[in-house]
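**Q** Fold the following.
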Amino acid sequence: MPSTITTAPLLLAAALLSHAALAQEQPVRIGLSGPLTGANAFAGKDNENGVRLAVEDLNAQKIKAGGKVLRFELQSEDDQGDPKAGVNVAQKFADAGVKFVLGPYNSGVAIPASRVYDSAGILMSTVGTNPKITQSRYPNVFRIVASDTQVGASMASYAARELKIKTVAVIDDRSAFGQGIADEFARQARASGLSVAGREFTSDKSSDFATILTTLRAKKVDAIFFGGYAPQGAPMARQMIQLGMSGVRLLGGDTLCSPEMANLGGDAVGANVLCAQAGAMLDKQAGGAAFKAKYKARFKRDPDVYAPAFYDQTMFIGQAIKNAGAVDAAAVGRALHGTSYQGVAGTYGYDPSGNLKKTAVTVYTFKGGQLAPLASY
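**A** You can find the predicted model right below:
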C-alpha cells in the first residue's frame with residue numbers, strides 16, 4: 001500500500017513533465033499527396049514510406065526554430081492519381097494550414113494542384129516529370145527528380161548508341177506524364193537518327209493492347225517506347241511476347257523502373273524491357289546501401305522508385321527550416337533555392353524555376369525480377 005501512495009505522485013509528475021515538454025514543441029505537419037489506392041497505390045505507399053522515414057529521422061534531430069523544438073508530423077491524403085481529387089487534397093491541406101507538401105506523384109495531378117499550392121503559400125515538392133509543372137516558375141514548387149526532357153532524351157540516346165535500334169514506335173497513355181515523356185523521347189529519337197514508325201495511344205486504365213501491338217508488328221519496329229505506368233507496361237510486355245514480338249524491346253521512363261513491372265509481368269519482363277530513371281545508381285551512392293537497409297528494416301520491403309527522393313527532399317526541407325530559423329514556407333523556399341543538400345540518392349540544388357541544377361539519369365533493365373543498372377548519363 002505505501003508503494004501505491006508513493007508511485008501515484010511520481011506518475012503524475014512524469015505526466016506533467018511530459019505535457020510541459022510537448023507544450024514547448026511546435027508541430028510541423030508534412031503533407032503527402034499521392035495515389036494511396038488504385039493501380040498505382042504501390043508507388044503512393046512507397047513515396048509515403050520515404051517521407052515517414054525522414055519525419056522519424058528529423059524528429060530524432062530535435063531541430064529548433066523560434067526557440068522551440070519542432071515535432072514533425074506526417075499527414076497523408078489519397079489523391080487517387082486524379083487531377084480533380086488532387087486539387088481537392090491541395091485545398092484540404094491549405095484549409096488545415098499545412099505548409100509543406102510532398103507530391104503529387106502524377107504530373108497530371110501536379111499541374112493543376114501547383115496553382116492551389118502557390119496561391120495558398122504552400123511549398124510543393126513533386127516527382128511529376130512533365131516540364132509544364134515548373135514552367136510557371138512558382139517560387140515554392142520544386143521538382144525533385146529529372147524532367148521528361150532529360151529522362152526521355154537519355155532513353156532515346158541509349159537506344160540509338162548502345163542498342164543500335166533503327167526503327168521505333170511510340171505509345172502513350174494520354175496522361176500528362178505519358179504524353180510528355182513520349183513527346184520528349186520521340187523528339188530525341190529523331191535527333192539521334194532513329195525512324196519513328198508510328199505513334200499510338202491508349203489509356204492509363206487499359207489492359208488489352210493487342211490491336212495496337214498488331215499494328216506495330218506489321219511495321220517491323222525494333223523497339224516500342226511506352227509513355228505510361230507499370231500497371232499497363234507489364235501486360236504490354238506479356239502481350240508483345242504472346243504476339244511473337246519477343247525480339248522487340250519495350251522501352252520506358254522512370255515509371256517502368258519499378259519492381260511492380262516484374263511483379264505483374266513475371267517472366268515476360270527481363271532483358272527485353274529497358275527504362276530510364278532520374279538519379280544515379282542508388283547502390284553506388286555513399287548513403288545508398290544504408291538507406292536501403294534502413295528502409296527494409298522499417299517497412300519489411302525494398303524501396304521502389306521514388307522513396308529515396310521523397311526521403312531526401314523531406315530531409316532537405318528540415319535542413320532548410322534549420323537554416324532559415326523558421327517554419328514559414330516562403331523562408332524555407334528561399335533557403336532551398338540558396339543552398340544544396342547531399343542526400344542518399346544524390347545532390348539536391350534548385351534553379352530559379354524549381355528544377356534540379358544537376359541530375360543524373362540511369363538506364364536499367366531487369367534480371368531475375370530485379371532492376372539491373374546498365375549506364376548512367
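**Q** how about the helices of the protein, start to end?
**A** Here the chain has its helices, by DSSP state H, at 2-23, 41-61, 83-96, 107-120, 132-135, 148-161, 176-191, 210-218, 230-242, 259-265, 288-299, 307-324, 329-338.
**Q** okay, the ones you listed in CSV with mean neighbour count and mean pLDDT next?
**A** Quick note: C-beta positions are derived from backbone N, CA and C, even for glycine. Listed next are the helices of the chain as CSV, based on neighbours: other C-beta atoms under 10 Å; pLDDT from 0 to 100:
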stretch, mean neighbour count, mean pLDDT
helix 2-23, 9, 51
helix 41-61, 21, 97
helix 83-96, 19, 98
helix 107-120, 22, 98
helix 132-135, 19, 96
helix 148-161, 23, 93
helix 176-191, 23, 95
helix 210-218, 15, 97
helix 230-242, 22, 97
helix 259-265, 21, 94
helix 288-299, 15, 96
helix 307-324, 24, 97
helix 329-338, 19, 98
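**Q** Nearest to residue 350 among those helices would be which one?
**A** helix 329-338 (5.5 Å; C-beta to C-beta).
**Q** So what touches the closest one?
**A** 99-100, 121-123, 139-140, 142, 316-317, 319-321, 323-324, 326, 350, 352 (C-beta atoms under 8 Å, 6 or more residues apart in numbering).
**Q** Mark out where each domain of the chain begins and ends.
**A** When the chain is parsed with automatic domain parsing, its domains come out as 7-146+285-345, 149-278+362-376.
**Q** Could you work out the end-to-end span of the last one for me?
**A** Going back to what we said before, that points to domain 149-278+362-376. 16 Å (C-alpha to C-alpha, to the nearest Å).
**Q** next one: stretch 171-179
**A** Taking C-alpha to C-alpha, stretch 171-179 runs 9 Å from one end to the other.
**Q** hmm, back to that, to residue 356, which of the domains of the chain lies closest?
**A** domain 7-146+285-345 (6.8 Å).
**Q** how far is that closest one from where the chain is centred?
**A** Relative to the centre of its chain, domain 7-146+285-345 is centred 12 Å away, using C-alpha atoms, centre = their mean, to the nearest Å.
**Q** next one: stretch 139-154
**A** For stretch 139-154, the distance to the chain centre is 11 Å (C-alpha atoms, centre = their mean).
**Q** Next: stretch 206-225.
**A** That offset, for stretch 206-225, works out to 28 Å (C-alpha atoms, centre = their mean).
**Q** cool, and stretch 253-263?
**A** What separates the centre of stretch 253-263 from the centre of its chain is 12 Å, taken as C-alpha atoms, centre = their mean.
**Q** what residues does that stretch touch?
**A** 42-43, 129, 145, 148, 151-152, 155, 177, 181, 185, 226-231, 233-234, 237, 250, 269, 273, 275-278, 302, 304-305, 364, 366, 369-371.
**Q** if we can go back for a sec, export the domains of the chain as a markdown table, with columns for distance to residue 356.
**A** Shown next, in a markdown table, are those (distance: least, C-beta to C-beta, whole Å):
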| stretch | distance to residue 356 |
| --- | --- |
| domain 7-146+285-345 | 7 |
| domain 149-278+362-376 | 8 |
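**Q** thought residue 182 was touching residue 201?
**A** No: contact between residue 182 and residue 201 fails when scored by C-beta atoms under 8 Å: they sit 9.2 Å apart.
**Q** Common neighbours of the two, please.
**A** Shared contacts of residue 182 and residue 201, defined by C-beta under 8 Å, 6+ apart, comprise 171-172.
**Q** contacting residues for the closest residue to residue 251 other than its chain neighbours?
**A** Take residue 251 and drop its neighbours on the chain: the residue closest to it by C-beta to C-beta, 6 or more residues apart in numbering is residue 225, 4.4 Å away. Residue 225 makes contact with 155-156, 159, 168-171, 182, 185-186, 189, 251-252 under the criterion C-beta under 8 Å, 6+ apart.
**Q** Identify, from the residues you listed, the entry nearest to residue 375.
**A** Distances from residue 375 to these, taken by C-beta to C-beta, are shortest for residue 155, at 10.8 Å.
**Q** The nearest residue to residue 315 once chain neighbours are set aside and residue 142: what is the separation?
**A** Excluding the flanking residues, the one nearest residue 315 by C-beta to C-beta, 6+ apart is residue 54, at 5.0 Å. According to C-beta to C-beta, to the nearest Å, residue 54 stands 15 Å off from residue 142.
**Q** got it, and residue 124?
**A** 7 Å.
**Q** Neighbour count: those two, which is higher?
**A** residue 124 (30 against 25; other C-beta atoms under 10 Å).
**Q** contacting residues around the closest residue to that one other than its chain neighbours?
**A** Sequence neighbours aside, residue 117 is the residue nearest to residue 124 in space, at 4.3 Å (criterion: C-beta to C-beta, 6+ apart). Residues in contact with residue 117, defined by C-beta under 8 Å, 6+ apart, are 90, 93-94, 101, 123-124, 138, 140-141.
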